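Trainee: Give me the fold of what follows.
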Amino acid sequence: MLNGAKIAIAPSGNLDLTTLSIFLNRSSVTTAWLTASFFSAAVENNPSLFDGIKHLLTGGDIVSSAAIKKLQARYPELSIYNGYGPTEITTFAATRLFDENDLVAQWVPIGSPISNTQIYVLDSSFNPVPIGSIGELYIAGD
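Mentor: As a prediction, this is how the structure comes out:
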């Protein structure tokens, strides 16, 4: 809205892929947010849902690199972002624009912290772990 765009709010109730596709097209939506599971289902069952979309944010769970590869093959100009954030913070904590380097593994990185957010990977004594080590993710900030 701060950039002159409009917000299109989908109809209430259960939203199947066909209904969402019609809604997105009629509303001329160019930027959309879909949960990871809904995104994967749309790529597999109704990829035309993404006609007209220029920027797609997905997340809320692990995002499948296979679904991203399939969608990018069909829409190479589409920007796809992983929006990571656990339920407890109710918003994104990190985002990442997918690129082909991310799609080597089965799952993709969560990205870098958004503004006013810090992300730490800590051990059981709350000390930072080295890069590539297993730890617990901690999120801080405004």
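Trainee: and stretch 110-125, how far from the chain's centre?
Mentor: Computed by C-alpha atoms, centre = their mean, to the nearest Å, the chain-centroid distance of stretch 110-125 equals 17 Å.
Trainee: before we move on, what about stretch 71-80?
Mentor: With C-alpha atoms, centre = their mean, you get 14 Å for stretch 71-80.
Trainee: what helix or strand does the residue nearest to the spatial centre of the chain sit in?
Mentor: The chain has residue 58 as the residue nearest its centroid, 2.1 Å off, counting by C-alpha atoms, centre = their mean. Using DSSP states H and E, residue 58 falls within strand 55-59.
Trainee: Report the rounded mean pLDDT for the helix or strand that that strand is followed by.
Mentor: The helix or strand immediately downstream of strand 55-59 is helix 65-74, counting by DSSP H and E. Taken as a whole, helix 65-74 has a mean pLDDT of 90.
Trainee: Tell me what angle the strand holding residue 58 forms with helix 65-74.
Mentor: 170 degrees (axes from the mean of the first three to the mean of the last three C-alpha atoms, to 10 degrees).
Trainee: could we number from 8 for the rest of this?
Mentor: With 8 as the first residue, the last one maps to strand 62-66.
Trainee: list the helices and strands strand 62-66 packs on?
Mentor: Where contact means 3 or more C-beta pairs under 8 Å, 6 or more residues apart in numbering; DSSP states H and E, strand 62-66 is packed against strand 38-42, helix 43-52, strand 86-91. All C-beta spots, glycine's among them, are computed from the backbone N, C-alpha and C.
Trainee: Good, we can wrap up now.
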